[in-house]
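Visitor: Output the structure for:
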Amino acid sequence: MTEFTESTAESFSAHVTTVRNDKFHRYELLVDGEVAVISQFMDKPGHIDFLHTETRPQFKGKGLAKVLAHFALDDVVASGKRIIPHCPFIAAYLRAHEGYELDVDWPPEPPVGEPGND
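Guide: The predicted structure is shown next:
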């Protein structure tokens, strides 16, 4: 388990933990032990296919999905696998943040849906 504590706003100072949960095929961000954000994936030979990212309503607007995206993408790169962003949020994150270009295989069809899970 990897722990990451970050204050995303002056009024927000909860303990934040990020983990890869292979049992449920998702990355999770927990706030004070409660699951706040998940990013579902399929682990395939040579790549991780991101499918869906969701933030629970009471945790929206704090930038927590970005924290989880950063953790998850760095984890994939460290594992030597490729990133396939079928998830609209992960795709939007990749477009907005440099450093992952050499590790992404864009799907032939662009991700469908709203990326706003922050």
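Visitor: so L30 sits in a strand?
Guide: Yes - the assignment for L30 is a strand, going by DSSP: H, G, I helix; E, B strand; the rest coil.
Visitor: Nearest the geometric middle of the protein, what residue?
Guide: A69 (2.6 Å; Cα atoms, centre = their mean).
Visitor: Helices of the chain, start to end?
Guide: Secondary structure of the chain (DSSP state H): helices at 64-79, 88-96.
Visitor: So which residues lie in contact with the first one, not counting its own?
Guide: Same thing as helix 64-79. Helix 64-79 is contacted from outside by 2, 4, 6, 8, 16, 18, 20, 27-29, 31, 36-39, 41, 48, 50, 53, 55, 82-83, 89-90, 93-94, 97, 100, 103, 117-118, using Cβ atoms under 8 Å, 6 or more residues apart in numbering. Any C-beta I mention is one placed from the backbone N, CA and C, and that applies to glycine too.
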